[in-house]
Structures are given as structure tokens and as C-alpha cells.
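[1] quick one: sequence plus predicted model below, questions after.
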Amino acid sequence: MQYETIRLSYRGGVAVLKLNRPEVMNALNSQMRAEILHALREARDEARVLVITGQGRAFCSGQDLGDGASAADLDLERTLRDEYEPLLKAIYDCPIPTIAAVNGAAAGAGASLALACDVVIATESAVFVQAFARIGLIPDAGATYWLPRQVGFAKAMGAALFAEPITASQAEDWGMIWEAVPDDDFAAHWAGRAARLAAGPTAAYRAVKKALRASFANTLQEQLELEAQLQGDCGKTRDFREGVLAFLEKRPAHFEGR
């Protein structure tokens with residue numbers, strides 16, 4: 001597929017999906033959402049890690065309010081159900097680790113897009129804004145799911161009601177993102193993080209994602225049973241055998257599994 005609103009490239013085992021509408025701060029329109037979804041389905045089969053980042057000075061400014069119909073004619077429910085839901089679920093359910101490399105402002109649905117990823121690494125100059133209340137809307141695209149889980153109810157409510165920018169440093173302190181990185185080091189840092197995951201045990205990473213996400217709904221007994229099942233599965237992989245052998249031989253492990 002020929003992409004117009006995004007770029008998809010590969011660096012070793014890392015797929016880099018770059019939002020590429022810098023003239024509108026990478027705002028999401030229907031075409032971009034469709035292209036991201038297609039690229040996600042391609043990358044999950046071709047790479048061991050997926051990075052989503054933005055071209056230019058912003059990560060993503062959210063929904064493109066100039067896309068198609070006037071604001072009064074927008075069918076927001078249809079757009080969320082038919083276009084955002086498949087996209088966000090594809091990120092959430094992606095079998096390989098996903099990193100949002102937030103290079104600038106992440107607002108509205110753009111913040112949700114980042115928070116859907118497994119790990120968020122942001123440049124220190126980046127900001128996250130739940131801007132919906134400014135135009136009479138509620139946080140959407142999964143924001144009401146991810147925010148309370150990541151920062152707690154009180155901070156999620158304040159972020160939604162006041163719609164004030166949250167700096168990358170604040171987001172790191174709150175537990176909303178993994179880390180904030182100095183601007184000058186940002187590109188090399190996320191690339192190094194992605195390369196490290198790409199060289200890691202991918203079957204174990206899939207199991208980690210499954211176990212941690214299930215923990216919110218499981219009882220302790222259910223979680224212990226799930227851990228035992230997943231650990232049993234991991235213990236049968238070549239990656240586990242290689243990891244133990246590398247430990248005993250005091251050398252770096254060379255993982256191959258998917």
C-alpha cells in the first residue's frame with residue numbers, strides 16, 4: 001500500500017510508523033486512521049517492535065476538526081465506533097511491544113493514541129493535553145480507560161475537567177508515561193530502547209502484556225493461575241533455554257523467538 005499521511009520504515013527488527021501531516025500537527029483524519037490501521041497490520045507480521053512517532057514539531061494534535069463535514073455535522077459516535085475503535089484495539093492487541101515516541105504535543109485523540117502503546121517515551125518539551133472539554137466534549141479514543149488506570153482517579157478527573165497541558169516531566173512523575181528524555185537525546189534514546197526490545201524474548205513480552213492487563217480484572221487466585229500457565233508456556237520456548245544457557249556461560253543471550 002502506498003501511504004500518503006504516514007511513513008512506515010524498518011530498522012532491523014524495529015518498525016517505525018511516523019505520522020506525517022506536519023502542516024496540521026499530525027491531526028488525525030479518516031485517511032490517516034485507515035493508513036495507520038493498515039500499517040499496524042503489516043508491521044506486526046514484519047517486525048519485533050513497533051514505534052509510533054510524529055513528523056515535525058508535534059506528535060499528534062488529535063482529531064482533525066477540518067476533515068470533511070462541519071463541526072455541527074460530524075457524526076462523532078460513528079467515527080469513534082468505526083474508525084477509532086479498530087485502530088486503538090489494533091495497537092492494544094498488537095503482539096509485539098509498542099512504543100510511542102512522543103516528539104511534541106500530544107492532544108486529544110493524539111494523547112490517547114500514545115497512551116494505547118505499551119511504553120511512552122517523551123521528549124522533555126512534549127505536553128499531553130486532554131483538550132476535549134475546551135470544545136464541549138468528553139475525553140475519548142480510550143482516554144477514559146487509560147488515564148484512570150495510569151494516573152489514578154483524581155488526576156484523571158482534573159486532567160479531563162481543566163484540560164490543562166501536562167508536561168512530560170509531570171506525566172513521568174504521575175506514572176502516565178515511562179520516561180521523559182532531554183530533547184537532544186530523544187531520537188537516539190528511543191531508538192536504543194526499541195533496539196533493545198527487538199533483540200529480546202518476544203514470546204515472553206507477549207506473555208507480560210497479557211498477564212499485566214488481566215490483573216485489573218482478576219482475583220489473586222485467578223492471577224496466580226494465569227501466571228503459572230503463562231510461565232509454563234514461556235518455559236517451553238527456545239528463548240528460555242537460550243537465556244539460561246547465556247546466563248550460565250556469562251554471555252549475552254541471542255533470542256530468536258516470535
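    Yes, it's here.
[2] now the helix or strand containing A188: buried residues?
    Using DSSP states H and E, the element containing A188 is helix 186-198. By neighbour count with 16 or more other CB atoms under 10 Å, helix 186-198 contains the buried residues 186, 189-191, 193-195, 197-198. (C-beta placed from N, C-alpha, C; glycine too.)
[3] and if you look at stretch 214-228?
    For stretch 214-228, by 16+ other CB under 10 Å, it's 223, 226.
[4] I'd like the average pLDDT over it.
    In this model, stretch 214-228 carries a mean pLDDT of 97.
[5] cool, stretch 55-62 as well?
    Mean predicted lDDT for stretch 55-62 stands at 96.
[6] how about stretch 35-51?
    If you average the pLDDT over stretch 35-51, you get 95.
[7] contacts for it next, please.
    The contact list for stretch 35-51 (CB atoms under 8 Å, 6 or more residues apart in numbering) reads 1, 3-6, 8, 10, 13-17, 19, 86-87, 90-91, 94-101, 190, 194-195, 197-198, 200, 202, 258.
[8] give me the buried entries from those.
    Buried residues within these, counting neighbours by 16+ other CB under 10 Å: 3, 5-6, 8, 13-17, 19, 87, 90-91, 94, 96-101, 190, 194-195, 197-198, 200, 202.
[9] quick one: end-to-end length of stretch 17-36, please.
    8 Å (CA to CA, to the nearest Å).
[10] can you check stretch 173-185 too?
    One end of stretch 173-185 to the other measures 19 Å (CA to CA).
[11] what does it contact?
    102, 114-115, 119-126, 128, 147, 150-152, 155, 166-169, 171-172, 189-190.
[12] buried set for it?
    If you call a residue buried by 16+ other CB under 10 Å, then stretch 173-185 has these buried ones: 174, 176-178, 180-181.
[13] looking at the residues you listed, which is nearest F240?
    Nearest to F240 among these is W178, at 25.4 Å by CB to CB.
[14] distance of the closest one relative to V208?
    14 Å (CB to CB, to the nearest Å).
[15] hmm, back to that, which ones among the buried ones among the contacts of stretch 35-51 lie within helices?
    Among the buried ones among the contacts of stretch 35-51, DSSP state H puts 87, 90-91, 190, 194-195, 197-198, 202 in helices.
[16] widest-spaced pair of those?
    L87 and A195 (25.8 Å).
[17] which of the buried residues of stretch 173-185 sits closest to G232?
    After measuring these against G232 - CB to CB - the closest member comes out as W178, at 28.6 Å.
[18] I'd like the distance between the closest one and G235.
    28 Å.
[19] residue ranges of the helices in the stretch 51-200 of the chain, please?
    Secondary structure of the stretch 51-200 of the chain (DSSP state H, counting those that start in this stretch): helices located at 76-79, 85-92, 109-115, 143-151, 153-162, 168-174, 186-198.
[20] so which residue is dead centre in the protein?
    Using CA atoms, centre = their mean, the residue of the chain that lies closest to the mean C-alpha position is C117, 1.7 Å off.
[21] that one reaches A101, doesn't it?
    No - C117 is beyond contact range of A101, at 9.2 Å (criterion: CB atoms under 8 Å).
[22] who touches both of those two?
    Going by CB under 8 Å, 6+ apart, residues that sit against C117 and also against A101 are I52.
[23] mind giving me the packing neighbours of the helix holding A188?
    strand 6-11, strand 14-19, strand 49-54, strand 98-102, strand 119-123 (3 or more CB pairs under 8 Å, 6 or more residues apart in numbering; DSSP states H and E).
[24] residues contacting G142?
    84, 88, 92, 112, 115-116.
[25] ramachandran coordinates for the residue nearest to the centre of the chain?
    Dihedral pair for C117: phi -80, psi 160, per degrees, to the nearest 10.
[26] who touches it in this structure?
    With CB under 8 Å, 6+ apart, C117 has these contacts: 52, 91, 98-100.
[27] which of these sit farthest apart?
    Pairwise distances across the contacts of C117 peak at 10.9 Å for I91 and I99 (criterion: CB to CB).
[28] find the residues that touch each one of these two.
    Taking CB under 8 Å, 6+ apart as the criterion, I91 and I99 both touch 52, 117.
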